[in-house]
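# Provided below are the primary sequence and the corresponding predicted coordinates.
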Amino acid sequence: MAGFDKVVSSYEEAMAGLEDNMTVIAGGFGLCGIPENLIAEIKRKGTKDLTVVSNNCGVDDFGLGVLLPDRQIKKIVASYVGENAEFERQMMSGELEVELTPQGTLAEKMRAGGAGIPAFFTATGYGTPVAEGKEEREFDGRKYIMEESIKGDFAIVKAWKADRYGNLVFRKTARNFNPMAATAGKITVVEVEEIVEPGELDPDQIHTPGIYVDRLIQGTFEKRIEQRTIRTADNS
Amino acid sequence: MAGFDKVVSSYEEAMAGLEDNMTVIAGGFGLCGIPENLIAEIKRKGTKDLTVVSNNCGVDDFGLGVLLPDRQIKKIVASYVGENAEFERQMMSGELEVELTPQGTLAEKMRAGGAGIPAFFTATGYGTPVAEGKEEREFDGRKYIMEESIKGDFAIVKAWKADRYGNLVFRKTARNFNPMAATAGKITVVEVEEIVEPGELDPDQIHTPGIYVDRLIQGTFEKRIEQRTIRTADNS
Amino acid sequence: MALSREQIAMRVAQELQDGYYVNLGIGIPTLVANYVPQGMEVMLQSENGLLGMGQFPTEDELDADMINAGKQTVTATTGASIFDSAESFAMIRGGHVDLTVLGAFEVDVNGNIASYMIPGKLIKGMGGAMDLVAGADNIIVTMTHASKHGDSKLLPECTLPLTGKGCIKKVLTDLAFIEIKEGKFHLLERAPGVSVEEIVKLTSGEMVVPEHVPEMQF
Amino acid sequence: MALSREQIAMRVAQELQDGYYVNLGIGIPTLVANYVPQGMEVMLQSENGLLGMGQFPTEDELDADMINAGKQTVTATTGASIFDSAESFAMIRGGHVDLTVLGAFEVDVNGNIASYMIPGKLIKGMGGAMDLVAGADNIIVTMTHASKHGDSKLLPECTLPLTGKGCIKKVLTDLAFIEIKEGKFHLLERAPGVSVEEIVKLTSGEMVVPEHVPEMQF
């Protein structure tokens, strides 16, 4: 890999170095914008006892849910879970540790992790179970709690387009947590639908600068839809 | 002004409600991307005793520097100042209060102000004059200081293009502090080179969503260059 | 008679103002979008990163990359913007959204809300609800006034884990529109045909009842 | 003989590696860009919001919206990206920049650096320097070893207000390349023709001098 060319040639190479007990930060919201092939590669590798940080945990047979049957996830930090039966079973039986984190706090914790901010204050969660064990403080007459940042050994990210330098562009609401995840990994691995040459992306319109990206691979995606809601053309 | 149409028809209307002793957050870096006509309007209005938050304070006869001769600025929060003689005179004589703030901390304080984060920790400034009076704390063996967020009564912003709903696109390095400033004003006023109709800007490529923008005006700009550095075409 | 889901949405919609940025939670709140008054423009924020949420797509418009916070496929309106989750919650936490409408299990006289967890039964997570209730000044909670068994959801003190503390000022139930201030519920309006007595009976937290309680108008 | 400004830049350039993201301060550090070794690619970060800073523009390319952190007009290289100041310093503070090169007035044996203020004389502000020294693991300070009057700038303890505490590990002066560790300066290399004695004489902080101190190679 010379200079700034981040492109790797296989998913095996993309996830090389991932070991048991590591922390993995994943982009995606529901099944939208998830790094589905990088997740599948983790399943293939059989890495165990991972701490996974992601807004959701996929469904039974897609997304991060595929890591549940073989007990590859030890702990998950997420805002909304339980879209699948096996997750609920493992959580209820105590086999899987779940740290519920408000969605905005989770996004900000990832951003802070990438931005060298070890902690910040937020009103979110004050006075709720989320505040347990956390410092409380008043600013301008309002109560806040202190939240610490999150960093991962790996971050796995799905973008739409990238140039070979790792500059990323996301598409529509598949952006979600991906840009923050990209900043917060010691090793950030990105899969995209299309890789273009440097210079093809407008510098003003790059969502994630290549400096955050370590490895880049082009994949094909199922892009499963979780809730297909349709209107008929005349029912507008 | 109906619905989401943020366009106002005069600079007077754009800065209506600005009063003595208010805090104004301004975008721009050096003379690049500064809201030059909104600043000129503040000069015309003669508003006094302002606290101004901006990375720099312009030059003698351009940018925020034009507010100095009539002593319109009581206090400035900036990372780098003194590009002009009158500024230095007022600072040295104590007529002008200057709060030097590291550039990255300043950007983050503005962002935090807009994002409902009252304070955050950063290693920047630890052990320096910037840390005086601020809380210090260790995370993972490293020392940090706590910085509080900044909000303004007004934020004044220069963007390149906007649609009538106030969705903004910035151009090149004229972006700088403008997006953060836009989030941190109780009233955010934006001047742009071109106003287009809603739908003309790609939703994926909007730098500042219109929700942050209260008033929008189209202006013409001098765009003065501070240091004109040129290479001859053959000296590449 | 108790309001239908649609009527609850219709009454909430009367609180909209032209130019409002609004976040609508899952369930009844979503229906509010169907009753925006004629000639009024509001823009819907979906916390997964969309400002300017439109209607469901046609078969032709269907796009897996275009969903709302409820994970339903949607479209974007003209003038919409799309952003990442940190920006979306900066908007919410920073108080830039004008109105938030969301459901709850319980609300109490101190403005506390419980809406995300029933220990031992429902532990799916708070999603964006904690951020929404902490970030908005203007929140309307919609819920049924009491459970099917007649247990009030308007309490002296929430019994379930809280989603937010002291942040709710307005509640619209199928029976009444209620304001919360100074540690008490205040009855503002009643559903058409519903008596004040019935409302008081099903409200277990202390409620201030003015001499005249108008019926909701639709 | 003492190194020229260009030679200091040349020696710093030897520390570059292929694929490095680099932030170069104003003055001598800027010159480093002229000496990137053949066949090596580095990308320059300018903290006002540009990754992939290119050369100065031609008259035709001149653009008031395109400047660097020194406020000079510049161009962008192929594959550059442009972002806001918060993102730029997230990059810096988060430790994503591989090498930072910047000037200083004083450095001391504990890795403290003073570079932004001379009380009563120069109070222009720290700009991005405090963020840069706090954010980077790999920093090279470039400066003259001593003032024109022969006063050492390598001190037991900085006398001027600090830009950063305990963050400097490498200093390249016009006389020597020095590492800072365990509360001492360590002499790594000397400028061609400059004696160890001369360097020691002009270094007022404690310095460890190995038996053999190689000359810099250009």
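Okay, I see it. Residues are numbered from 1 along each chain as shown, chains lettered A, B, ... in the order given.
# the closest residue to A:Gly210 other than its chain neighbours and A:Asn21, how far apart?
Spatial nearest neighbour of A:Gly210, chain neighbours left out: A:Gly166 (3.4 Å); criterion: CB to CB, 6 or more residues apart in numbering or on different chains. Bear in mind the C-beta positions are built from the backbone N, C-alpha and C, glycine included. Taking CB to CB, to the nearest Å as the measure, A:Gly166 falls 27 Å from A:Asn21.
# next: C:Asp18.
Relative to A:Asn21, C:Asp18 is positioned 55 Å away (CB to CB).
# and for C:Ala33?
Distance from C:Ala33 to A:Asn21, by CB to CB: 46 Å.
# what about those two, which has more around it?
Neighbours of C:Ala33 and A:Asn21, each counted by other CB atoms under 10 Å in any protein chain shown, are more numerous for C:Ala33; the result is 18 against 11.
# over to that one: give its phi and psi.
Backbone torsions for C:Ala33, taken as degrees, to the nearest 10, come to phi -60, psi -30.
# thought it was touching C:Gly25?
No - with contact defined as CB atoms under 8 Å, C:Ala33 does not count as touching C:Gly25 (11.6 Å).
# tell me the helix or strand right after the lowest-mean-pLDDT helix or strand in chain C.
Lowest by mean pLDDT, DSSP states H and E among the helices and strands of chain C is helix C:28-31, with a mean of 92. Per DSSP states H and E, the first helix or strand lying C-terminal to helix C:28-31 is strand C:42-46.
# that following strand pairs with which strands?
Note on strand C:42-46: by DSSP bridges, its sheet partners are strand C:20-24 (parallel), strand C:50-53 (antiparallel).
# out of these, nearest to A:Gly30?
Shortest distance between A:Gly30 and the strands paired with strand C:42-46, using CB to CB, is found for strand C:50-53: 13.2 Å.
# can you list contacts of the closest one?
Applying CB atoms under 8 Å, 6 or more residues apart in numbering or on different chains, the contact partners of strand C:50-53 are A:173, B:203, B:209-211, C:21, C:43-46, C:68, C:74-83, C:88, C:91.
# in strands, which of the residues you listed fall?
Members of those lying in strands (criterion: DSSP state E): C:21, C:43-46, C:76-82.
# and which of the residues you listed is nearest A:Gln72?
Among the ones in strands among the contacts of strand C:50-53, C:Ser46 lies closest to A:Gln72 (CB to CB), at 31.2 Å.
# is the closest one in a bridge, and if so with what?
Beta-bridge partners of C:Ser46, counted by DSSP bridges, are C:Leu50.
# and the pLDDT at it?
pLDDT, C:Ser46: 97.
# got a list of what it touches?
C:Ser46 neighbours (CB under 8 Å, 6+ apart): A:173, C:23, C:53, C:68-69, C:74.
# could you export stretch A:174-188 as CSV, CA atoms only?
What follows is stretch A:174-188 as a C-alpha-only set of coordinates in CSV (Å, rounded to 0.1, in the frame of the first residue of the first chain):
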residue,chain,number,x,y,z
ALA,A,174,-27.5,5.7,5.1
ARG,A,175,-25.1,8.3,6.5
ASN,A,176,-26.4,8.2,10.1
PHE,A,177,-23.6,7.0,12.5
ASN,A,178,-21.1,6.2,9.8
PRO,A,179,-19.1,9.4,9.8
MET,A,180,-18.6,9.4,13.6
ALA,A,181,-17.7,5.7,13.6
ALA,A,182,-15.1,6.4,11.0
THR,A,183,-13.3,8.9,13.3
ALA,A,184,-13.3,6.6,16.3
GLY,A,185,-11.4,3.5,15.3
LYS,A,186,-7.7,2.8,15.8
ILE,A,187,-8.2,1.0,12.5
THR,A,188,-11.0,2.3,10.4
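# does that stretch reach chain D?
Yes - using CB under 8 Å from any CB of the partner chain, we find that stretch A:174-188 touches chain D at A:Thr183.
# and that stretch, what's buried?
Neighbour-count burial for stretch A:174-188 flags A:174-185, A:187-188 (criterion: 16 or more other CB atoms under 10 Å in any protein chain shown).
# among these, which one sits closest to chain D?
Chain D has its nearest neighbour among the buried residues of stretch A:174-188 in A:Thr183, at 6.5 Å by CB to the nearest CB.
# ChimeraX command to pick out the buried ones of the contacts of strand C:50-53?
Burial among the contacts of strand C:50-53 is assessed by 16+ other CB under 10 Å; the matching ChimeraX selection reads:
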select /A:173 /B:203,209,210,211 /C:21,43,44,45,46,68,74,75,76,77,79,80,81,82,83,88,91
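# where does chain A have its least confident helix or strand?
Every helix and strand of chain A was ranked by mean pLDDT, DSSP H and E. The lowest is helix A:85-92, at a mean of 88.
# so what strands line up beside the next helix or strand after that helix?
As assigned by DSSP H and E, the chain's next helix or strand after helix A:85-92 is strand A:97-100. Strand pairing for strand A:97-100, using DSSP bridges, gives strand A:73-78 (parallel).
# now the angle from the partner strand to helix A:85-92?
Relative orientation of strand A:73-78 versus helix A:85-92 (axes from the mean of the first three to the mean of the last three CA atoms, to 10 degrees): 100 degrees.
# give me the buried positions along strand A:73-78.
A:73, A:76-78.
# so C:Ala90 is in contact with B:Met180, correct?
No - if you go by CB under 8 Å, C:Ala90 and B:Met180 don't touch, sitting 10.1 Å apart.
# so what sits against both of the two?
Common contacts of C:Ala90 and B:Met180, defined by CB under 8 Å, 6+ apart, comprise B:111, B:114.
# give me the distance between the residue sitting furthest away from the middle of chain C and A:Thr232.
Relative to the centre of chain C, and counting by CA atoms, centre = their mean, the farthest-placed residue is C:Asp60 at 31.7 Å. Distance of C:Asp60 to A:Thr232, given as CB to CB: 11 Å.
# so what pLDDT did the closest residue to C:Thr30 other than its chain neighbours get?
In this structure, C:Thr30 finds its nearest non-sequential neighbour in C:Leu24, 5.3 Å apart by CB to CB, 6+ apart. C:Leu24 carries a pLDDT value of 95.
# what residues are up against C:Leu24?
By CB under 8 Å, 6+ apart, C:Leu24 lies in contact with C:30, C:32-33, C:44, C:101-102.
# right, and A:Tyr144 touches A:Glu135 too?
No - assessed by CB under 8 Å, A:Tyr144 is found out of contact with A:Glu135, at 9.1 Å.
# higher neighbour count, these two?
Set A:Tyr144 next to A:Glu135 and count neighbours by other CB under 10 Å: A:Tyr144 wins out with 25 against 13.
# which strand residues bridge the closest residue to that one other than its chain neighbours?
With sequence-adjacent residues excluded and distances taken as CB to CB, 6+ apart, A:Tyr144 is closest to A:Phe121, at 4.1 Å. Note on A:Phe121: beta-bridge partners by DSSP bridges are A:Met146.
# residues in contact with A:Phe121?
Neighbour list for A:Phe121: A:137, A:139, A:144-147, B:117-120 [criterion: CB under 8 Å, 6+ apart].
# those: which two are farthest apart?
Using CB to CB, the pair of the contacts of A:Phe121 lying farthest apart is A:Phe139 and A:Glu147, separated by 14.2 Å.
# the two: who's more crowded?
Legend: neighbour count by other CB under 10 Å for A:Phe139 and A:Glu147, higher for A:Glu147 (24 against 14).
# A:Glu12 touches A:Ile42, doesn't it?
No - the pair A:Glu12 / A:Ile42 is not scored as a contact, 11.2 Å apart, by CB under 8 Å.
# low-scoring stretches of chain A, by residue?
Residues of chain A meeting the criterion pLDDT under 70: A:1-2, A:233-236.
# tilt between the longest helix anywhere in it and strand A:73-78?
The longest helix of chain A (DSSP state H) is helix A:103-115. Here the directions of helix A:103-115 and strand A:73-78 differ by 110 degrees (the same axes, to 10 degrees).
# which residues of chain C lie near chain D?
With the criterion set to CB under 8 Å from any CB, chain C never comes near chain D.
# who in chain C is up against chain B?
Contacts of chain C with chain B, taken as CB under 8 Å from any CB, map to C:18-19, C:21, C:40-41, C:43, C:45, C:51-52, C:76, C:78-83, C:87, C:89-97, C:134-135.
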